[in-house]
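>>> Sharing a model prediction with you, sequence too.
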Amino acid sequence: IFVSQLSTVDHAPIEEPLLHTITPVQSANTEQEINDIQQLQTDISLLRTQCAQLDEANRAWKDFHQNQLELFRDKLQDWIPLDINSNLEQMTQQILAHITQIRNDRNFIFQNDNQSDSSTIDSLQKQLANYQYNESMLAQNLEQLNQKLLDVYKQCEEFRDNNAQLILSKQQVDKQLEEREKQINEYQLLTNQN
């Protein structure tokens, strides 16, 4: 911005002061001139400070811009091969070229895939039919196994019920045996005493 502004400034020829001319000194003007010179010196000092600040800000901006450019390049480096010395405009061109190449490659692959798609679709349909047949067979087998498992479960339940009845019957028989043994023992005692 500053360079373009400087190039548009009119450069009028500088008049050189006459060296041998003596200007009369006026005391009222001298004090005013001293104040003007001091003000000009202050303004020049202020302008120098502002120029230094602008130079520092410009350097900081350039460093920031370069850092952002490097970060951008690093993030894209794995996806798009970029020249290390590229500026932003060159990187943009490289990215566009890479995207165009990807698009062209994709279109080429898509065109080639369309030719083999019908045979692939036929093959996939056959595989799907085989899978569906196998799935129906497996479903039938699973249903048969579930029925057998249910039958075995029912048999186990019946066995438990029968086993419980047998245990009760055994307990009753054991109880009856004990009572008979008692009766026999009592009878023997009575017969032995008589």
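The structure has been received and is ready for your questions. Numbers count the residues shown, from 1 in each chain.

>>> ok, how many other residues are close to the residue found closest to Leu88 once you drop the neighbours it is linked to in the chain?
Counting by Cβ to Cβ, 6 or more residues apart in numbering, the nearest residue to Leu88 once its immediate chain neighbours are dropped is Leu69, at 6.0 Å. All C-beta atoms are positioned from the backbone trio N, CA, C, and that covers glycine. Here the number of neighbours of Leu69 (other Cβ atoms under 10 Å) works out to 14.

>>> Equivalent analysis for Ile184, please.
10.

>>> Same question for Leu76.
If we define neighbours as other Cβ under 10 Å, then Leu76 has 15 of them.

>>> From Glu70, how far off is it?
11 Å (Cβ to Cβ, to the nearest Å).

>>> What pLDDT does the model give the residue nearest the centre of the chain?
The chain has Lys75 as the residue nearest its centroid, 14.3 Å off, counting by Cα atoms, centre = their mean. What the model reports as pLDDT for Lys75 is 82.

>>> again, but for the one 4 residues further on
The predicted structure scores Trp79 at 79 on the pLDDT scale.

>>> which stretch of helix or strand covers it?
Trp79 is located outside every helix and strand, with elements delineated by DSSP states H and E.

>>> and the longest helix for this protein?
helix 88-193 (DSSP state H).

>>> what's the distance between that helix and the middle of its chain?
37 Å (Cα atoms, centre = their mean, to the nearest Å).

>>> switch to numbering from 550
All right, first residue 550 from here; so that's helix 637-742.

>>> packing partners for it?
helix 576-626 (3 or more Cβ pairs under 8 Å, 6 or more residues apart in numbering; DSSP states H and E).

>>> Next, the angle from the helix it packs on to helix 637-742.
With axes from the mean of the first three to the mean of the last three Cα atoms, to 10 degrees defining the directions, helix 576-626 sits at 50 degrees from helix 637-742.

>>> packing partners for helix 576-626?
Looks like helix 576-626 contacts helix 637-742 (3+ Cβ pairs under 8 Å, 6+ apart).

>>> By mean pLDDT, which helix or strand of this structure comes out lowest?
Sorting the helices and strands of the chain by mean pLDDT, DSSP states H and E puts helix 551-557 at the bottom, at a mean of 41.

>>> sec struct for Gln634, please.
Careful, residue 634 is Asn and not Gln. Here Asn634 is coil, with the state taken from DSSP: H, G, I helix; E, B strand; the rest coil.

>>> Could you pull up phi and psi at it?
Backbone torsions for Asn634, taken as degrees, to the nearest 10, come to phi -90, psi 10.

>>> Please report the distance of it from Trp628.
For Asn634 relative to Trp628 (Cβ to Cβ), the value is 19 Å.
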